[in-house]
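**Q** Kindly return the folded structure for what I paste below:
(one chain, ligands or ions: 1)
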Amino acid sequence: MGSETARETEVPKAKIPEIRYTKLFINGEFIDAVSGKTFETRDPRTGEVLAMVSEGDKDDIDRAVKAARHAFDHGQWPRLSGAERGRILRRLADLIDEHSDELGALETRDGGKLFLVSKLGEIPTCANTLRYFAGAADKIHGHTLKMAREMMGYTLKEPVGVVGAILPWNFPSIMFFSKASPALAAGCTVVVKPAEQTPLAALFYAHLAKQAGIPDGVLNVVTGYGPTAGAALASHMEVDKISFTGSTEVGRLIMEAAAKSNLKPVSLELGGKSPIIVFDDADVNVAAELATMAAFFNKGEICVAASRTLVQEGIYDDFVKACVEKAKAWKIGDPFDPTVNHGPQVDKVQFDRVLGFIQQGKKEGATLLTGGKPCEETGLHIEPTIFANVQDDMTIATEEIFGPVMSLFKFKTVEEAIERANKTRYGLAAGIVTKDLNTVNRVSRSLRAGAVWINCYFAFDNDAPFGGYKMSGFGKDSGLDSLHDYLNTKTVVTPLFDSPWL
Ligand code: ADP
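**A** Here you go, the predicted structure:
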């Protein structure tokens with residue numbers, strides 16, 4: 001982020017805790033990188049350097065993986081009873097709740113997220129994710145098999161081993177626990193590589209994990225850059241699985257690295273270009289509220305952002321008017337201010353990228369109805385932006401923007417809505433707004449997306465599996481499906497009686 005964009009904003013100092021953890025966490029200790037190098041993490045509200053954080057590289061990843069390997073092959077964690085692992089994970093959940101103020105503030109300072117949403121929403125969600133998987137840790141079991149011959153067969157569910165978790169910057173805490181919780185509950189050991197834009201929360205969680213009693217080597221955090229630390233983790237021969245959330249381009253690199261090293265399995269939660277489809281029978285005001293929230297929440301920095309709003313022709317004009325009014329009333333400012341709807345984009349790179357997409361939309365002939373500019377008096381803030389007359393093949397209709405930009409499309413029939421909603425290489429999520437049950441059933445079953453939210457949006461839940469179709473990836477975060485992504489199935493067979501096989 002260039003200092004030329006760094007402008008002073010009013011910061012409520014009282015809420016700002018000192019940054020306590022900035023070093024790599026390997027084998028239960030905070031340590032410097034082998035190279036001794038550090039990198040800056042900045043506050044996107046002001047451009048100020050928040051902290052210098054250890055820059056982990058290949059050697060540090062290797063140290064962390066060795067620690068995790070040792071903890072898996074020889075340590076207690078995979079050998080503890082599920083109940084005991086669950087007990088320790090619940091203790092960590094309680095510690096997270098106790099520190100929700102500090103953790104919420106850390107998220108706001110590192111990523112520009114709304115403080116209240118972090119403190120009251122995301123941080124407690126992390127604690128509850130841990131509790132959900134803690135409750136599953138003592139219910140991991142295989143099946144008895146109905147063998148055709150006189151043999152007894154059963155399956156064992158075993159932890160996959162050392163897990164590498166590579167995280168994005170938009171939800172640093174939620175992503176940390178959506179991967180670490182099922183992995184730890186399954187009995188795996190973990191090396192986390194947080195995003196370089198938002199490294200601080202992960203280090204704080206490492207500290208809390210130690211305090212909760214997670215043994216040394218079981219949970220390691222290596223901060224650093226993607227092409228160095230991230231790539232080293234993805235290609236490491238001693239890592240048994242990679243769980244990644246981020247862009248489709250990097251997902252492809254990770255899959256390649258896994259293929260070229262030890263063929264480790266990967267779970268990839270990638271980009272999206274999610275549609276929300278609003279039918280004629282919807283309440284215009286409620287639908288507009290839902291669609292603007294679905295497009296602009298978290299400054300549009302969310303992989304499931306409803307960046308394509310498909311509206312049936314009968315209510316189109318009224319709906320567009322309502323959305324524009326709501327976007328204009330959306331308050332932009334300091335994310336510590338509880339009345340603010342959104343804060344700054346995470347960094348200058350993203351800020352420029354989003355503005356670039358907006359320029360492209362104008363150039364390709366979409367009609368800008370509102371927004372489209374940085375906010376004058378602040379740093380990396382961008383106005384909520386709405387485009388009409390968007391064609392299906394325009395850049396803003398096909399590329400993931402990751403910013404507060406809504407594109408409007410008008411449709412006539414249910415068939416047309418389904419076809420155009422599916423006209424994307426992505427398939428992460430979709431929304432439907434209608435009171436008609438037949439439309440709900442037909443459209444929800446026809447959409448090629450991993451999550452379909454009807455008359456709601458962002459309906460995440462610990463028990464609801466989440467993951468994509470098509471180029472949005474594969475594998476699940478959340479739900480018991482995700483626990484099974486961290487387990488291998490072993491089949492054990494023995495003859496029932498004296499056997500000619502012996
Ligand atoms: P974004 O484009 O939204 O910044 P990325 O997909 O680039 O998201 O990054 C998500 C995560 O992937 C980050 O932790 C980043 O450091 C990591 N990463 C980036 N490049 C690579 C790579 N070549 N190999 C492994 N991880 C990477």
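**Q** just the helices in the stretch 351-500 of the chain please.
**A** 395-398, 414-421, 437-446, 479-484 (DSSP state H, counting those that start in this stretch).
**Q** If you could redo that for the stretch 51-200 of the chain, that was the one I meant.
**A** Assigned by DSSP H, counting those that start in this stretch, the stretch 51-200 of the chain shows helices spanning 58-74, 82-98, 100-111, 115-117, 123-136, 172-186, 200-212.
**Q** Adding mean pLDDT, distance to the ligand and mean neighbour count as columns, could you present the helices of the stretch 351-500 of the chain in a markdown table?
**A** For glycine as for every other residue, the C-beta is placed from the backbone atoms N, C-alpha and C. A markdown table is the format used below for these (pLDDT from 0 to 100; distance: least, C-beta to the nearest ligand atom, whole Å; neighbours: other C-beta atoms under 10 Å):
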| stretch | mean pLDDT | distance to the ligand | mean neighbour count |
| --- | --- | --- | --- |
| helix 395-398 | 98 | 17 | 19 |
| helix 414-421 | 98 | 24 | 18 |
| helix 437-446 | 98 | 28 | 14 |
| helix 479-484 | 95 | 19 | 19 |
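**Q** Could you dump the ones you listed into CSV with distance to residue 406 added?
**A** Formatted as CSV, the helices of the stretch 351-500 of the chain follow (distance: least, C-beta to C-beta, whole Å):
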stretch, distance to residue 406
helix 395-398, 10
helix 414-421, 15
helix 437-446, 20
helix 479-484, 29
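**Q** Out of the ones you listed, flag the one nearest residue 212.
**A** Nearest to residue 212 among those is helix 479-484 (19.6 Å), distances taken as C-beta to C-beta.
**Q** Which positions in the stretch 1-150 of the chain make contact with the ligand?
**A** Residues of the stretch 1-150 of the chain lying close to the ligand (C-beta under 6 Å from any ligand atom): none.
**Q** Excluding chain neighbours, what is closest to the closest residue to the ligand within the stretch 1-150 of the chain?
**A** Closest to the ligand within the stretch 1-150 of the chain is residue 61: 10.3 Å, counting by C-beta to the nearest ligand atom. Nearest non-adjacent residue to residue 61, counting by C-beta to C-beta, 6 or more residues apart in numbering: residue 232, 4.0 Å away.
**Q** What residue spans form the domains of this structure?
**A** Following automatic domain parsing, one gets these domains for the chain: 24-270+472-489, 275-454.
**Q** ok now do the residue nearest to the spatial centre of the chain, which residues does it touch?
**A** Nearest to the mean C-alpha position of the chain, by C-alpha atoms, centre = their mean, lies residue 175 at 4.6 Å. Counting by C-beta atoms under 8 Å, 6 or more residues apart in numbering, residue 175 makes contact with 167, 168, 245, 477.
**Q** As CSV, those with pLDDT and distance to residue 213 would be great.
**A** Converted to CSV, the contacts of residue 175 look like this (pLDDT from 0 to 100; distance: C-beta to C-beta, whole Å):
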residue, pLDDT, distance to residue 213
167, 98, 23
168, 98, 29
245, 98, 27
477, 93, 25
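**Q** Among the residues you listed, find the one with the greatest number of neighbours, please.
**A** For those, the largest neighbour count, defined by other C-beta atoms under 10 Å, is 28 neighbours, found at residue 167.
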